[in-house]
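> Need a 3D model of the sequence below.
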Amino acid sequence: MSITKKALQWPFQTFQYIKLHPHHYAFDLQAMSSEKLEFTLPGSFTIGPKDDPEEL
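Predicted structure coming up:
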């Protein structure tokens, strides 16, 4: 078994595709200051797998 980015598949050979693309999530955080002023903070985070062959 080998993990590569590109490979040649022979007839009757099976393979499994693993997505390594990160997912981006954006959100708005609503908060209120101590002076009772309401404001919105934009936020985002990214989740992706480790690109390490031992982790796959």
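> Any stretches of this structure with poor pLDDT?
For the chain, the stretches flagged by pLDDT under 70 are 51-56.
> tell me the residue furthest from the middle of it?
Most distant from the centre of the chain: Glu35, at 37.5 Å, with distances by CA atoms, centre = their mean.
> so where do the helices sit in the chain?
For the chain, applying DSSP state H gives no helices.
> before we move on, back to that, for Leu29, see how far away the residue farthest from the centre of the chain is.
18 Å (CB to CB, to the nearest Å). Yep, even glycine has a C-beta here, placed from its N, CA and C like the rest.
> and what of Phe15?
Between Phe15 and Leu29 the distance, using CB to CB, works out to 42 Å.
> What about the residue nearest to Lys19 when sequence neighbours are not counted, how many residues nearby?
Leaving aside its chain neighbours, Lys19 sits nearest to Pro49 (7.9 Å; criterion: CB to CB, 6 or more residues apart in numbering). Number of residues near Pro49 (other CB atoms under 10 Å) recorded here: 12.
> Equivalent analysis for Gln16, please.
Residues contacting Gln16 under the criterion other CB under 10 Å number 5.
> Kindly report the same for the one 5 residues further on.
Taking other CB under 10 Å as the neighbour definition, His21 ends up with a count of 7.
> Kindly report the same for the one 10 residues further on.
When neighbours are counted by other CB under 10 Å, Ala31 registers 9.
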